[in-house]
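J.: I'd like to go over a predicted model; first the sequence, then the structure.
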Amino acid sequence: MAARIEQLVTSGEFSLDGGTWQVDNNVWIVGDDAEAIVIDAAHDAAAIKEALGGRRLLAVVSTHAHNDHVDAAPELADLTGAPVLLHPADEVLWRQTHPDRAPDGPLADGQELSVAGTVLTVLHTPGHSPGAVSLYAPELGTVFTGDTLFAGGPGATGRSFSDFPTIIESIRGRLLSLPPETVVRTGHGDSTTVGAEAPHLDEWIARGH
């Protein structure tokens, strides 16, 4: 059976720079009936474990280390025995949420993760955070962008460890160069496509963030 994509929405708090906001997060599960990976273990490890059922979890992959994307990662790892993977440039953010527990392994640009016969390629897409990554699965016609690219524009860059010119370059060079029909599955909110977002790049640059 080919890999399929499942979406789980969990709710909790995002905290950074002294502020806290209520957020809904997309948790993505990619796999088949036997094995899976989780992209962004947000808020509710028990709910994610329940969604996995009896499948073997190969990895908990973090697109970046803002607390709302990693707060449930260690607990999910403990429940399943799966390693938590994170780009090393985001460990400074990870430590704000989990000072006593390091990620289990690194993510690197060009790294390939295999699940259910499907390959996801890690694309380093910094800007929203230094170690932000996207995961491109051409066989599934999709890219998981975390908080780098949303329906309607780039992720926020007004807080610590973020940079607007960097996120624009990541989107221009790594994401908008993908086939236009590629489905963009985001960290929050609705999915979109590369083709729907690409025409608006100049508007985003003019607007700035």
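T.: Looks like it came in fine.

J.: In this structure His188 contacts Asn26, no?
T.: Yes. Under the criterion of Cβ atoms under 8 Å, His188 makes contact with Asn26 at 6.2 Å. No exception for glycine: its C-beta is placed from N, CA and C like everyone else's.

J.: what sits against the nearest residue to Asp32 once chain neighbours are set aside?
T.: Distances taken as Cβ to Cβ, 6 or more residues apart in numbering place Ala116 nearest to Asp32, at 3.9 Å, with adjacent residues excluded. Counting by Cβ atoms under 8 Å, 6 or more residues apart in numbering, Ala116 makes contact with Met1, Ala2, Ala3, Val30, Gly31, Asp32, Ala34, Glu35, Ala36.

J.: Please report how far the second one lies from Val61.
T.: By that I understand Ala2. Going from Ala2 to Val61 by Cβ to Cβ, to the nearest Å gives 19 Å.

J.: okay, the two: which has more neighbours?
T.: Higher neighbour count among Ala2 and Val61: Val61, with 28 against 9, using other Cβ atoms under 10 Å.

J.: which SS class is Pro165?
T.: Under the three-state scheme (DSSP: H, G, I helix; E, B strand; the rest coil), Pro165 adopts helix.

J.: Out of the contacts of Ala116, which one has the weakest pLDDT?
T.: Least confident entry in the contacts of Ala116, by pLDDT: Met1, with 59.

J.: export the worst-scoring helix or strand of the chain on mean pLDDT as PDB, just CAs?
T.: When the helices and strands of the chain are compared on mean pLDDT, DSSP states H and E, helix 201-207 comes out lowest with a mean of 95. This file holds the C-alpha atoms of helix 201-207, laid out as PDB (Å, rounded to 0.1, in the frame of the first residue of the first chain):
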ATOM      1  CA  LEU A 201       6.000  36.900  -4.300                       C
ATOM      2  CA  ASP A 202       6.500  40.500  -5.300                       C
ATOM      3  CA  GLU A 203       3.500  41.600  -3.300                       C
ATOM      4  CA  TRP A 204       4.900  39.900  -0.200                       C
ATOM      5  CA  ILE A 205       8.300  41.600  -0.700                       C
ATOM      6  CA  ALA A 206       6.600  45.000  -1.200                       C
ATOM      7  CA  ARG A 207       4.500  44.500   1.900                       C
END
